[in-house]
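Here you go, sequence then predicted model.
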Amino acid sequence: MNAPASFDTDLVPLYADHLATMKRRADEALVRGGFDHLVVPSGTQHWQVFDDRDYPYAVNPQFKAWLPLTRVPYSWLVYTPGERPKVIFYQPFDYWHVVPDAPSGWWVDHFDIHIIRKPDEALALLPPAARSAILGEPQSALGAAPGPHYAPNNPEPVIQYLEYQRSYKTPYEITLMRQAQRLAVRGHRAAEAAFRAGQSEFGIHMAYCAAVGQDANDLPYGNIIGLNEHAAVLHYTELQRVAPDPLRSFLIDAGASFHGYASDITRTHAYDTGSEFQAMIDAVDAAQQAMCAGVRSGVDYRQLHVDAHLTLMGILKDFGVIAVSPEAAVATGVSAAFFPHGLGHPIGLQVHDVAGFAASDRGGRIERPAGHPYLRMTRVLEPGMVVTIEPGLYFIDLLLDEVKKNGHAASVDWSRVDAFRPYGGIRIEDEVLCTDGDADNLTRPAFAEAG
Ligand code: GLY
Ligand code: MN
Ligand code: MN
């Protein structure tokens, strides 16, 4: 899928190592839970209420962690320590829909593969439920009472261990994540061109999807594509069909999926590249790159987030938007009105990946710093973790009114707010891999490669 021909060949040894890692993790998780088998259903289709329409199928992340199958519901992964893992692969007799192809690819040689034609046929192939950690959604249960009933039990010690370990990406996963960056960058380039050509938010969205080769069912999250003031709505997904006049700014937060792995990239563009808003984008961009460089082993992500507040307030001070020192803006909570979300989050199989708050592989939670309710990552960075770094500055009346109500109106130069409000806001977001040494920004090289 959209990768050089040699790509799959290069994945063969990487996948073998990845699978070995997955088995080691499963061995330990089963010991902790006191189980003999790990059983993971891929998930089921879901239907809309009082209707025969199904929602887009979303694979169980615990399943796609093992193998790159993202479109095959009613399938199962079975792992028993010391044995070859088994895939129960659902390939129905169905002339209404396209049936999944027989399994192929770099992963198949590692598994015993059993094709089933009906979901319940899995029952005869699954290990005893009582001895199995079964990780999945309740709907994956098989067999109606009083007959055999095989239902996910989601044991906490098993899930806590596996989710915690998933923070440490294998080289195979990083390779897939780099490709997810390249795909998204194609879309970002096409989207910027569509913006400059005067297209509407909807038109830009379509240009993005066409360039990536993915639509809403495939993308890791709904595209955020906002022109002018819409850039101030953090999760703006309305997609107006008519472009505003005049065009001033464009914020796009959009990713791509590759074999189940997500990218999550944000860029902000000024229509007039000679404008003061462009200068502010450039300042945030430079600051963002410095923050990305701060992704180093041993660094507390909470500190990166708190430091980002000071840096961003420094930019607002330079542009005359705040009338107090950056330190004072942070201390009084004014900074939270301009930067009202977290600096970023773990990413991988899920765009907001698991274990961002995990205190250990046996549970526990690292709380957010007081006054930062939207931060999604509170851990100390370690090699193998991938996080987003996504500072932003916005002009959001709802939050700025709070600044006034809280008695800090004098901290802000409101004429400068008026000047920037029509542009909405700025966010710049990359993915960064923490290594033993320097930060490895996964996103910027994909833009550089694309030229
Ligand atoms: N696109 C959602 C986020 O950046 O977290
Ligand atoms: Mn993000
Ligand atoms: Mn994003």
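Arrived safely. Residues are numbered from 1 along each chain as shown. Ligands and ions are numbered 1, 2, ... in the order given.

Give the helix, strand or coil label for the residue lying closest to residue 384 once chain neighbours are set aside.
Distances taken as Cβ to Cβ, 6 or more residues apart in numbering place residue 168 nearest to residue 384, at 3.6 Å, with adjacent residues excluded. Where you see a C-beta, it was placed from the backbone N, CA and C, and this is true even at glycine. Using DSSP: H, G, I helix; E, B strand; the rest coil, the structure places residue 168 in coil.

measure residue 168 to residue 85 for me?
20 Å (Cβ to Cβ, to the nearest Å).

What of residue 173?
Distance from residue 173 to residue 85, by Cβ to Cβ: 18 Å.

Same check on residue 116?
For residue 116, the distance to residue 85 - Cβ to Cβ - is 16 Å.

Likewise for residue 304?
38 Å.

ok, these two, which is more surrounded?
residue 304 (22 against 19; other Cβ atoms under 10 Å).

That one is in what secondary structure piece?
Here residue 304 sits within helix 301-318, counting by DSSP states H and E.

which other helices and strands contact that helix?
With contacts taken as 3 or more Cβ pairs under 8 Å, 6 or more residues apart in numbering; DSSP states H and E, helix 301-318 sits against helix 276-293, helix 326-331, helix 334-338, strand 392-394.

With ligand 1 in mind, check whether that helix reaches it.
No. Judged by Cβ under 6 Å from any ligand atom, helix 301-318 and ligand 1 are separated, with a smallest distance of 13.5 Å.

and the closest residue to residue 362 other than its chain neighbours, how far is that from residue 140?
Spatial nearest neighbour of residue 362, excluding adjacent residues (Cβ to Cβ, 6+ apart): residue 160 at 6.1 Å. Between residue 160 and residue 140 the distance, using Cβ to Cβ, works out to 20 Å.

again, but for residue 405
49 Å.

So between those two, which is more surrounded?
residue 140 (24 against 9).

How far does the longest helix along the chain sit from its chain's centre?
Across the chain, the helix with the greatest residue count (assigned by DSSP state H) is helix 6-33. Here the centre of helix 6-33 is set off from its chain's centre by 21 Å, with Cα atoms, centre = their mean, to the nearest Å.

ditto for stretch 352-369
Worked out by Cα atoms, centre = their mean, stretch 352-369 lies 17 Å from the chain centre.

model confidence over that stretch, on average?
Per-residue pLDDT over stretch 352-369 has a mean of 98.

Name the surrounding residues that touch stretch 22-34.
36-38, 65-66, 79, 81, 85, 133, 155, 157-158, 161-162, 165, 362 (Cβ atoms under 8 Å, 6 or more residues apart in numbering).

In contact with the residue nearest the centre of the chain, which residues are there?
For the chain, the residue nearest the mean C-alpha position is residue 351 (1.3 Å; Cα atoms, centre = their mean). When contacts are counted by Cβ under 8 Å, 6+ apart, residue 351 touches 220, 221, 255, 262, 264.

quick one, phi/psi of the third one?
Pointing back at residue 255 there. Note on residue 255: its backbone torsions stand at phi -130, psi -160 [degrees, to the nearest 10].

Show me which residues of this structure sit near ligand 3.
Contact residues, the chain versus ligand 3 (Cβ under 5 Å from the ion): 253, 264, 266, 429.

What about ligand 1: which of these touch it?
253, 264, 429.

Would you mind listing which of the residues of the chain next to ligand 3 are buried?
If you count burial by 16 or more other Cβ atoms under 10 Å, the buried members of the residues of the chain next to ligand 3 come out as 253, 264, 266, 429.

got TSV for those residues, with pLDDT too?
Output for these, formatted as TSV (pLDDT from 0 to 100):
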residue	pLDDT
253	98
264	98
266	98
429	99
